[in-house]
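**Q** Quick one, structure for this:
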Amino acid sequence: MIVLPEDVLALLDAGRISIRGMIRFAFGTGQYGFIRAQQPLTWAGLTYQPGGLIAVSDLAGDVDRSAGGFTVTLAAAPGGLTPAVLQSIEAEEYRDRPVTVYDAYFHPDTGALLHVQPMRRGYVDVIAHEDDPSTGYTISAACESRALDYTRRNERRRTVADQARRAPGDLFFEHCAMRGREEIFWGRARTVSGSAPVVAGRGFIAGVTNV
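**A** Now for the predicted structure:
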């Protein structure tokens with residue numbers, strides 16, 4: 001859910017606010033930011049360079065939490081995001097790296113930054129390049145939403161030692177019981193060594209009816 005500050009809401013109601021798109025890539029060699037503006041912007045420790053963030057598609061997904069996706073399109077811009085810079089992205093380790101798309105709200109009179117709202121979060125999948133005479137040089141990054149995290153498996157365990165990796169000193173699992181796996185036979189026959197086949201479930205039913 002998006003919650004905006006009161007001053008931003010007031011300016012939105014009056015139709016007097018300036019909104020500019022921002023994008024942040026976290027690649028293997030570092031973090032890179034771009035903003036649809038004429039001047040760079042430094043926010044949260046990163047300088048967003050003026051570039052051609054021209055389109056962000058709607059987020060596709062299902063109610064079953066399956067991973068949807070969205071596409072971010074960047075266009076070359078003089079003085080910074082040149083075609084050569086866009087082409088150099090292929091030298092980066094961008095596959096499965098985080099990407100975040102923001103809306104930045106500016107005051108219409110002073111130009112002061114009022115608020116930055118995350119709008120899309122995901123992971124870069126593939127990047128396509130296109131050199132069109134009518135639109136110029138563009139790249140389109142196909143991204144998977146963070147719903148992908150729901151489908152990923154890991155080897156974490158509910159133990160004190162494992163929890164300490166994430167939150168040192170957290171003893172939430174201190175008294176969590178540890179048990180091995182036990183196979184339960186139900187609805188089929190099994191053979192016990194040295195005896196006749198036993199039908200699973202009969203012992204339980206007999207125990208209930210003899211109470």
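
**Q** For the rest of this, base every contact and every neighbour count on C-alpha atoms.
**A** OK.

**Q** From Asp109, how far out is the residue nearest in space to the middle of the chain?
**A** Closest residue to the average C-alpha location of the chain: Arg146 at 2.9 Å, with C-alpha atoms, centre = their mean. Using C-alpha to C-alpha, to the nearest Å, Arg146 is found at 36 Å from Asp109.

**Q** do Glu130 as well
**A** In terms of C-alpha to C-alpha, Glu130 sits 37 Å off from Asp109.

**Q** neighbour count winner among these two?
**A** A side-by-side neighbour count of Glu130 and Asp109, using other C-alpha atoms under 10 Å, places Glu130 first with 12 against 9.

**Q** Quick check: which element contains the more buried one?
**A** strand 113-132 (DSSP states H and E).

**Q** Can you give the contact residues for that strand?
**A** Outside strand 113-132, the residues that touch it by C-alpha atoms under 8 Å, 6 or more residues apart in numbering are 2, 4-5, 8, 59, 69, 87, 94-107, 137-146.

**Q** Now, of those residues, which are buried?
**A** Neighbour-count burial (16 or more other C-alpha atoms under 10 Å) is assigned, among these, to 8, 69, 94, 98-107, 137-146.

**Q** Now, the residues you listed that are in helices?
**A** Counting by DSSP state H, the buried ones among the contacts of strand 113-132 place Val8 in helices.

**Q** Surely Ile89 is in a strand?
**A** No. With DSSP: H, G, I helix; E, B strand; the rest coil as the criterion, Ile89 is helix rather than part of a strand.

**Q** what number of residues lie near it?
**A** Neighbour number of Ile89 under other C-alpha under 10 Å is 13.

**Q** what about it, distance to Arg24?
**A** Counting by C-alpha to C-alpha, the gap from Ile89 to Arg24 is 14 Å.

**Q** what's the answer for Thr42, then?
**A** 12 Å.

**Q** the more surrounded of the two?
**A** Set side by side, Thr42 and Arg24 show more neighbours around Arg24, with 19 against 10, by other C-alpha under 10 Å.

**Q** Using the three-state scheme, assign that one.
**A** Arg24 ends up strand, using three-state DSSP.
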